[in-house]
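Asks: Quick check, what structure comes out for this input:
(2 chains)
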Protein chains: 2
Amino acid sequence: MADSFSYDTLFSKNSTDTPTNFVKHAKYDFAVAYPAPETLPMDGLIQALQTAVDSDSGKIAAEMAYYPHQLGARELREYTSSKLTADRGFTVGADEIALTNGSGEAIGLVIQALTDPGDVVLAEEYVYMGTLNQLRRFGADIRGVAIDEGGIIPDALDRQIAALIASGEKPKYLYTIPEHQNPTGSTLSAERRKAILKIAHKHGMPILEDDCYVDLRFEGDTQPAFRALDDSGIVVYVASYSKLLAPGLRLGYFTASPAVMRRALGFKLGSGPNQFAAVAIEGFLRNNLDSHRDNFNPLLQQKRNAMVASLEENFAGSGATWSVPQGGCYVWLMMPESSDISAIRDKVFEQGVGYVAGTNFEADSSGRIGRNCARLCFAFESPQKNTEGIALLGQLFKQHGAM
Amino acid sequence: MADSFSYDTLFSKNSTDTPTNFVKHAKYDFAVAYPAPETLPMDGLIQALQTAVDSDSGKIAAEMAYYPHQLGARELREYTSSKLTADRGFTVGADEIALTNGSGEAIGLVIQALTDPGDVVLAEEYVYMGTLNQLRRFGADIRGVAIDEGGIIPDALDRQIAALIASGEKPKYLYTIPEHQNPTGSTLSAERRKAILKIAHKHGMPILEDDCYVDLRFEGDTQPAFRALDDSGIVVYVASYSKLLAPGLRLGYFTASPAVMRRALGFKLGSGPNQFAAVAIEGFLRNNLDSHRDNFNPLLQQKRNAMVASLEENFAGSGATWSVPQGGCYVWLMMPESSDISAIRDKVFEQGVGYVAGTNFEADSSGRIGRNCARLCFAFESPQKNTEGIALLGQLFKQHGAM
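Replies: Residues are numbered from 1 along each chain as shown, chains lettered A, B, ... in the order given. You can find the predicted model right below:
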């Protein structure tokens, strides 16, 4: 298109000149955030859709011909309600759940409902980039909470909030991924969750719980959701079908107290999400959730095992440590503090191994704590590619003086 | 959920307590904004999806396993590019098109890129409610442009802009549905479009062209898109697959000059829209667009004919007039000025006939011009129900003293 008309004086003050983000992939792609594509039940989803249409074609067509309900397709909300009761131990009605275009939309809506520019928001020291970007866009002043291999340290959280209040910067809310955290892979124990809830109540500070990895556990016990431990409304619960099925389906959801739901939904730019995908997901999961998880999670475990074994083989003695997550998608690699693997990320990518440098996840973007860290997605590539790619990563780190 | 935790001091200043919108349907539902559900090609869409998966299951699964490109699935962007060339007479590349969650998301993104609170924005005197709501949310000061049965009157537009500039209220942009306008059903002639473009250039005022009904023409000639008449970047073009296929698919798109695209996409809350629906739409339309339109539009015409014939039979001599649109979904009914059909809308709904009162579409929400008008959707119900429903509407108007 010709571009002779000038918009220079016309753009809104809030708008930014955002370059389109074209993702590139390395040969060994540990930079991604995706589950195992080989388990994606495309045929099962299509079959579920066809079954729904065959059983009541007129009803499905009539529903599709309407703009979706603002909360999204009722069938999938009802299914989600029963899944939350069965899997997460709390019960909310179908009308207390809003389906969204991925959990990203849900998180964005809640952030907008709760954040004024300059508000202090707490999150793990390392934060999922999608949320980080949205928090920044809406002007949050993001502060990282100290973590260890078990996630947020309650005492540190309590001290930090007290200090912030003392300096007139009372935090507005806490964002956390308590199960298989992105990027560190940690899971908060039930005890820590209870302690964090107590702290949250003490300070009147809501918790935005992002439970998007909970279906991806292959070891250990799932911990109770914050939302299952607390019915007061202080917890806003967000989750997704993106990891369990496929990101391309764009179906996430959230549930919160009625006032929060209304405020958050007020920021929607259109009606509820795709009913085509909703019908397929509902039909598929209602009959195949267990078999799908039984197929999916052992494969994730194999992939994690391959990556961790290759780290042991190729990184032992280097001073590196890494998380060994019980589920999810990520191993968190920590090189010795003197090692700057953020600086060499592009070179290593060109040479065949993709990872996301720890600096990208820093809550306060200080560049202070993440330079020696990397998020390695073990879920996307095959076990063999995990083995090979980590070996190559070790060679490349040595070549670039990082190991 | 219990709701004991108070958010009273926590909501953002921008947030509003928006009640969830539960839509109810009357027996004769002319209040909807939906195309004919009986033509919705569910089987065709599912088959297209299955064909795509069968032909390259690995590729589809790998793509679905990634988060969609910010612009949406490339296949559907390429198809959209070729469709715009063939149907709308202008050519933009696949990378100049962004797929969105319905055209509502596209319109919302563009509004955000171009609107600061208090900005004056022009639109037809009666405006599509979805856009109206978004303009209001982002603080636009919306002014209606005078229309007749042929849509915006260029001379009136020019005079209005001059007056606004004289009073220091230069309008930021013009929003218009030039083809089968919602709610009035009018189509702007090519001559008027050219005149409006000249006025737009004179005042440096972009045009946000909403072409979402263009595929629904059953009579007369499609008029050239503003975008086809002007390559300068002054036109932002938005359209949708919602009306042609199904609103429930949530797939719209927009194209604009690169700077506008970047600013608008900067407001996205997540990645591109559903790839599942995108693959189905692309596969279906690539092989069936013409046959689908050949099936769809004659039925729309029958439905319009039934509604118009029933208006002639039941409203003749009452002083009422109505538009006879050549496509789209809506007849615009204008009762005599003394007749307030806005006030009796709820009663008439309870008695079996739904319509949207003209006051809901007023650009300036003055309640000044729309009280005697109603939008009647002829596209959703069967021809017979259109006939019966309009007869009942006439009886009810008489009963309530509106006719």
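Asks: which bits of the stretch 151-300 of chain A sit near chain B?
Replies: Within the stretch 151-300 of chain A, the positions near chain B by Cβ under 8 Å from any Cβ of the partner chain are A:172-173, A:201, A:204, A:206, A:231-234, A:242, A:246-250, A:255, A:257-267, A:269-271, A:273-277, A:280. For glycine as for every other residue, the C-beta is placed from the backbone atoms N, C-alpha and C.
Asks: Please pick the buried ones from those.
Replies: Among those, those classed as buried by 16 or more other Cβ atoms under 10 Å in any protein chain shown are A:172-173, A:206, A:231-234, A:242, A:246-250, A:255, A:257, A:259-267, A:269-271, A:273-277, A:280.
Asks: So which of those residues belong to helices?
Replies: With DSSP state H as the criterion, helices contain A:259, A:260, A:261, A:262, A:263, A:264, A:265, A:275, A:276, A:277, A:280 from among these.
Asks: so who does residue A:216 touch?
Replies: A:35, A:180, A:243, A:244, A:296, A:297, A:300, A:327, A:328, A:329, A:379 (Cβ atoms under 8 Å, 6 or more residues apart in numbering or on different chains).
Asks: what's the nearest residue to it if we skip its chain neighbours?
Replies: Here the nearest residue to residue A:216 in space, its sequence neighbours aside, is residue A:327; by Cβ to Cβ, 6 or more residues apart in numbering or on different chains that works out to 4.7 Å.
Asks: Output the lowest mean pLDDT helix or strand found in chain A.
Replies: One helix or strand of chain A scores below all others by mean pLDDT, DSSP states H and E: helix A:57-65, with a mean of 73.
Asks: Any buried residues in that one, and which?
Replies: By 16+ other Cβ under 10 Å, the buried positions in helix A:57-65 come out as A:60, A:61, A:62, A:63, A:64, A:65.
Asks: now check that helix, is it near chain B?
Replies: Yes - judged by Cβ under 8 Å from any Cβ, helix A:57-65 and chain B are in contact via A:57, A:58, A:60, A:61, A:62, A:63, A:64, A:65.
Asks: Residue A:33 belongs to a strand, doesn't it?
Replies: No - with DSSP: H, G, I helix; E, B strand; the rest coil as the criterion, residue A:33 is coil rather than part of a strand.
Asks: what's the burial count for it?
Replies: Using other Cβ atoms under 10 Å in any protein chain shown, residue A:33 has 21 neighbouring residues.
Asks: Pretty sure residue B:67 is one of the things it touches, is it not?
Replies: Yes - the criterion here is Cβ atoms under 8 Å, and residue A:33 meets it with residue B:67 at 7.3 Å.
Asks: all helices of the stretch 251-400 of chain A, in order?
Replies: Applying DSSP state H, counting those that start in this stretch to the stretch 251-400 of chain A gives helices spanning A:258-265, A:275-315, A:345-350, A:383-399.
Asks: would you put the C-alpha positions of the shortest one in CSV?
Replies: Going back to what we said before, that points to helix A:345-350. Extracted C-alpha coordinates of helix A:345-350, given in CSV (Å, rounded to 0.1, in the frame of the first residue of the first chain):
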residue,chain,number,x,y,z
ARG,A,345,21.6,-15.7,23.1
ASP,A,346,21.5,-14.5,19.5
LYS,A,347,24.7,-16.2,18.5
VAL,A,348,23.7,-19.5,20.1
PHE,A,349,20.3,-19.2,18.3
GLU,A,350,22.1,-18.7,14.9
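Asks: Mind listing what's buried along it?
Replies: A:345, A:348, A:349.
Asks: Those residues into a markdown table, with extra columns for distance to residue B:160?
Replies: Below are these laid out as a markdown table (distance: Cβ to Cβ, whole Å):
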| residue | distance to residue B:160 |
| --- | --- |
| A:345 | 55 |
| A:348 | 60 |
| A:349 | 55 |
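Asks: What average pLDDT does stretch A:290-306 get?
Replies: Stretch A:290-306 shows a mean pLDDT of 95.
Asks: if I look at the nearest residue to residue A:383 once chain neighbours are set aside, how far off is residue A:331?
Replies: Of all residues not flanking residue A:383 in the chain, residue A:306 sits nearest, at 3.7 Å (Cβ to Cβ, 6+ apart). The gap separating residue A:306 from residue A:331 is 11 Å, by Cβ to Cβ, to the nearest Å.
Asks: what residues do those two have in common as contacts?
Replies: Contacts common to residue A:306 and residue A:331, judged by Cβ under 8 Å, 6+ apart, are residue A:378.
Asks: which one of these two has more residues nearby?
Replies: Shown here are residue A:306 and residue A:331; by other Cβ under 10 Å, residue A:331 has more neighbours (26 against 21).
Asks: show me what contacts the more buried one?
Replies: Shown in contact with residue A:331 (Cβ under 8 Å, 6+ apart): A:185, A:304, A:307, A:308, A:311, A:322, A:323, A:324, A:325, A:375, A:376, A:378.
Asks: Then residue A:207?
Replies: A:173, A:174, A:176, A:196, A:197, A:200, A:226, A:234, A:235, A:236.
Asks: Go ahead and confirm the residue nearest to residue A:383 touches residue A:389.
Replies: No - Residue A:306 is beyond contact range of residue A:389, at 9.6 Å (criterion: Cβ under 8 Å).
Asks: And the pLDDT at residue A:2?
Replies: 54.
Asks: ditto for residue A:138
Replies: At residue A:138, pLDDT is 92.
Asks: Just want the most central residue of chain A.
Replies: Taking Cα atoms, centre = their mean, the centroid of chain A lies closest to residue A:212, which sits 5.4 Å from it.
Asks: Distance check, that residue against residue A:227.
Replies: 14 Å.
Asks: same thing with residue A:202?
Replies: 19 Å.
Asks: now swap in residue A:349 and tell me
Replies: 38 Å.
Asks: same check, this time on residue A:5
Replies: 50 Å.
Asks: Residue A:346 too?
Replies: Residue A:346 is 40 Å from residue A:227, by Cβ to Cβ.
Asks: Likewise for residue A:386?
Replies: 33 Å.
Asks: more crowded one of the two?
Replies: With neighbours defined as other Cβ under 10 Å, residue A:386 and residue A:227 compare such that residue A:386 has more, 28 against 25.
Asks: mind listing what the more buried one touches?
Replies: By Cβ under 8 Å, 6+ apart, the neighbours of residue A:386 are A:28, A:30, A:303, A:306, A:307, A:310, A:378.
Asks: Equivalent analysis for residue A:190, please.
Replies: Counting by Cβ under 8 Å, 6+ apart, residue A:190 makes contact with A:223, A:224, A:229.
Asks: now residue A:380
Replies: Listed by Cβ under 8 Å, 6+ apart, the contact set of residue A:380 reads A:29, A:30, A:32, A:34, A:35, A:36, A:37, A:329, B:65.
Asks: Over to residue A:338?
Replies: residue A:372.
Asks: again with residue A:359
Replies: By Cβ under 8 Å, 6+ apart, the neighbours of residue A:359 are A:342, A:365, A:367, A:370, A:371.
Asks: neighbours of the second one, just the number please.
Replies: Right, the one you point to is residue A:365. Neighbour tally, residue A:365, other Cβ under 10 Å: 14.
Asks: Return the item of the contacts of residue A:380 having minimum pLDDT.
Replies: Out of those, that is residue B:65, at 70.
Asks: thought residue A:372 was touching residue A:332?
Replies: No - using Cβ under 8 Å, residue A:372 makes no contact with residue A:332, being 11.3 Å away.
Asks: still on that earlier bit, and the buried residues of helix A:345-350 as a markdown table, adding distance to chain B and pLDDT?
Replies: Below are those laid out as a markdown table (distance: Cβ to the nearest Cβ, whole Å; pLDDT from 0 to 100):
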| residue | distance to chain B | pLDDT |
| --- | --- | --- |
| A:345 | 20 | 96 |
| A:348 | 21 | 97 |
| A:349 | 17 | 96 |
